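Trainee: Sequence isn't available, so here's the structure alone:
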């Protein structure tokens, strides 16, 4: 197995050092994901930018969590599901929503379930959506803007999920209480 370096500000490439400082300020630590991404400053920079952009979409905290966790669970990300469980709690998202996402059970809200269904179809169908898929999303109260925002969220999660898969990023201590593996 290839071992990826978990960089610190002292070991990271020069271009990644200010990015790791930004992570430290934002999270009070350098998350393992960021420590791995620091090997490629452009990836860490892109990830941080896309993360900030996705957080500034029209989605509220629950909707952000639905998109993030739907993708994390679908991609079976051992790191991101616990990390976003922690983030969901810090964003005061109802635990019932996060647990339903983690366990792939129905969400307690039909609109949020429509968002999860749309996100899953977008992933599984590689963005090739039928008129019926689109109409169901719009009928749930979502807009064309929201379609594009889901694509933005997916772009962010591809960077993190795939990095964690190839690097086997260890789950950070604050996220360990939310450890996750897919139910069989």
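Mentor: Nice, thanks for sending it over. All of these numbers come straight from a predicted model, not from anything done at the bench.

Trainee: now for the longest helix anywhere in the chain, which elements pack on it?
Mentor: As assigned by DSSP state H, the longest helix anywhere in the chain is helix 144-167. On a contact count with 3 or more C-beta pairs under 8 Å, 6 or more residues apart in numbering; DSSP states H and E, helix 144-167 meets helix 32-37, helix 41-55, helix 61-74, helix 80-90, helix 110-124, helix 131-139. Glycine gets a C-beta too; all of them are placed from N, C-alpha and C.

Trainee: Comparing the ones you listed, which comes out most buried?
Mentor: Comparing the helices and strands packed on helix 144-167 by mean neighbour count (mean count of other C-beta atoms under 10 Å), helix 32-37 ranks first with a mean of 26.

Trainee: Could you give the average pLDDT over it?
Mentor: With pLDDT averaged residue by residue, helix 32-37 scores 98.

Trainee: Which residues does that helix contact?
Mentor: With C-beta atoms under 8 Å, 6 or more residues apart in numbering as the test, helix 32-37 has contacts from 4-8, 16, 19-20, 23, 43-44, 47-48, 79-80, 83, 159-160, 163-164, 167, 169-172.

Trainee: Which pLDDT value belongs to the residue nearest the centre of the chain?
Mentor: Nearest to the geometric centre of the chain sits residue 68, at 3.9 Å (C-alpha atoms, centre = their mean). If you check residue 68, the pLDDT there is 98.

Trainee: how close does it get to residue 47?
Mentor: 13 Å (C-beta to C-beta, to the nearest Å).

Trainee: Please type out the PyMOL selection for whichever of the contacts of helix 32-37 turn out to be buried.
Mentor: Those of those that count as buried under 16 or more other C-beta atoms under 10 Å are selected in PyMOL with:
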select buried, resi 4+6+7+16+19+20+23+43+44+47+48+79+80+83+159+160+163+164+167+169+171+172
